[in-house]
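> Output the structure for:
(chains A, B and C)
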Amino acid sequence: MVAIPYEAIAFGVFALITVASSFGVVLVEDVWHASLLLGVALLSVAIHYLMLRAEFIAVMQVLVYVGGVLILITFAVMLVRQAPDDPDEPEVA
Amino acid sequence: MTTRPRLKLGSHLVPGLVALALFVVLAAVFLTASFENAQGFGGAPITASIGYAMFDLAGGEVPSDGFLIAFEIIDLVLIAALAAAVMLARRESDGKLVGVESIRTDGGRSADSAADYAGSADDADADADTDTGVSSKEGAISADEKVGEAN
Amino acid sequence: MVAVQYYLLLSAAIFCIGLFGILTRRNALFFLMSVELMLNAANINLVAFSFQYGNLTGQVFSLFITALAAAEVAVGIGIVLVLYRNFGDVDVTKATTLRW
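Below is the predicted model:
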């Protein structure tokens, strides 16, 4: 019976999620969607820390980044963003 | 209003090439370097060892450097960041926000805004606004008021 | 166990994505998010080498980087809000007061 490389599969899946959501952060048009994708990227980076046996760093990543930095960025997005007048017209970003 | 996320795809040829070239260089370096097998931490208590390392105490089972000086320096940096964030976000005493007409320092400002800016300067020195021309008198008055309040 | 090279590749990819974001976007909020991505790439590198060599220095240093990133974002958000009040926009190319 062939041993299934669970750890390599998990690394591949979460590396794909991390890279894809990071691309989404820089490529998406609306800054609100970008901040949501940044949350996905930060959480999947926390999972990479778990796979590297750095549990405390992972917990701190979730607490500080997702609980602090992302909330601050969300507030800034809400305070700063102008709603586009015409949904078909691209927003200046 | 919820909208689907849309991509902003313009022509970003040069920045894309710069980032891609950096990635290719890094990947070539990483893939040609040889690493032995990862040593790992065994069964040592990692979080407790982080605590010992951060305060430069003996007793951590995993080898590490001491970080007490770095800890204190970062403490000071966090306090500086707190002060900077408060300074950027505070309201002036007359209810105005910092920066509404007051920090803008180009030629388009009015005499009142120049006086406000001089009055809100920390040193509250009358010669701080000698370059503002017409508003220097008002600026000096408000600066003096600021000194009176501070005392 | 996943070899350390793959973590380094992942970290290089995230760093380059963040660099691309900084080079292409003009919105100050995108700048902040791209800087977060780049700091996370540095953290992944430090933690991966910490595991590779069985030494905790990298993990402690990544904690310090996390704290500095939080402080940087706090100041950056303040700057973005002042930029928005002064110029009515968060486009970093419109803040040209110190340039002539």
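
> So in chain A, where's the weakest helix or strand by average pLDDT?
When the helices and strands of chain A are scored by mean pLDDT, DSSP states H and E, helix A:70-80 comes last with a mean of 90.

> Any part of that helix near chain B?
No. Residues of helix A:70-80 are not located near chain B by C-beta under 8 Å from any C-beta of the partner chain, the shortest gap being 9.7 Å. C-beta here means a position set from N, CA and C on the backbone, and glycine is covered the same way.

> remind me which residues of chain B are low pLDDT?
Counting by pLDDT under 70, chain B has low-confidence residues at B:1-2, B:11, B:91-151.

> go again using 80 as the cut-off
Scanning chain B for pLDDT under 80 picks out the ranges B:1-12, B:60, B:89-151.

> Give me the domain ranges for it.
As given by automatic domain parsing, the domain ranges for chain B are B:45-79, B:90-151.

> what distance separates the start and the end of the shortest one?
The straight-line separation of the ends of domain B:45-79 (C-alpha to C-alpha, to the nearest Å) is 31 Å.

> Point to the residue nearest the middle of chain C.
residue C:35 (2.3 Å; C-alpha atoms, centre = their mean).

> so that one touches residue C:68, yeah?
No. Between residue C:35 and residue C:68 there is no contact under C-beta atoms under 8 Å: 11.1 Å.

> Helix or strand: which one has residue B:39?
Per DSSP states H and E, residue B:39 falls between elements, in no helix or strand.

> That one touches residue C:50, doesn't it?
No. Residue B:39 lies out of contact with residue C:50 (C-beta under 8 Å); the separation is 10.1 Å.

> Give the rounded mean pLDDT of the helix ranked longest in chain C.
Taking DSSP state H as the assignment, the helix of chain C that covers the most residues is helix C:57-87. On average, the pLDDT along helix C:57-87 is 91.

> Just the buried residues of the least confident helix or strand of chain A, please?
A:70, A:72, A:73, A:76, A:77, A:80 (16 or more other C-beta atoms under 10 Å in any protein chain shown).

> Tell me the spacing between the residue lying closest to the first one once chain neighbours are set aside and chain C.
Going back to what we said before, that points to residue A:70. Nearest non-adjacent residue to residue A:70, counting by C-beta to C-beta, 6 or more residues apart in numbering or on different chains: residue A:39, 5.2 Å away. If you measure residue A:39 against chain C using C-beta to the nearest C-beta, to the nearest Å, the figure is 10 Å.

> Show me the helices in chain B, by range?
Under DSSP H, chain B gives helices at B:13-32, B:46-54, B:68-89, B:111-119, B:136-150.

> buried ones in the first one?
It refers to helix B:13-32. B:19, B:23, B:26, B:27, B:30.

> cool, stretch C:54-63 as well?
C:55, C:56, C:57, C:58, C:59, C:60, C:61, C:62, C:63.

> just stretch C:85-100 next, same as before
C:85, C:86, C:87, C:89, C:90, C:92, C:95.

> Would you mind writing the CA trace of it as PDB?
The C-alpha coordinates for stretch C:85-100 follow below in PDB (Å, rounded to 0.1, in the frame of the first residue of the first chain):
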ATOM      1  CA  ARG C  85      -9.300  64.600   4.100                       C
ATOM      2  CA  ASN C  86      -6.700  66.800   2.400                       C
ATOM      3  CA  PHE C  87      -7.100  65.700  -1.200                       C
ATOM      4  CA  GLY C  88     -10.500  64.000  -1.300                       C
ATOM      5  CA  ASP C  89      -9.000  60.900  -2.800                       C
ATOM      6  CA  VAL C  90      -6.600  58.200  -1.800                       C
ATOM      7  CA  ASP C  91      -4.700  58.200  -5.100                       C
ATOM      8  CA  VAL C  92      -1.100  58.500  -4.100                       C
ATOM      9  CA  THR C  93      -0.200  60.300  -7.300                       C
ATOM     10  CA  LYS C  94      -2.400  63.200  -6.500                       C
ATOM     11  CA  ALA C  95      -0.600  64.100  -3.300                       C
ATOM     12  CA  THR C  96       1.900  66.400  -5.000                       C
ATOM     13  CA  THR C  97       2.100  69.300  -2.500                       C
ATOM     14  CA  LEU C  98       5.800  68.700  -1.800                       C
ATOM     15  CA  ARG C  99       6.600  68.500  -5.400                       C
ATOM     16  CA  TRP C 100       7.000  71.300  -7.900                       C
END
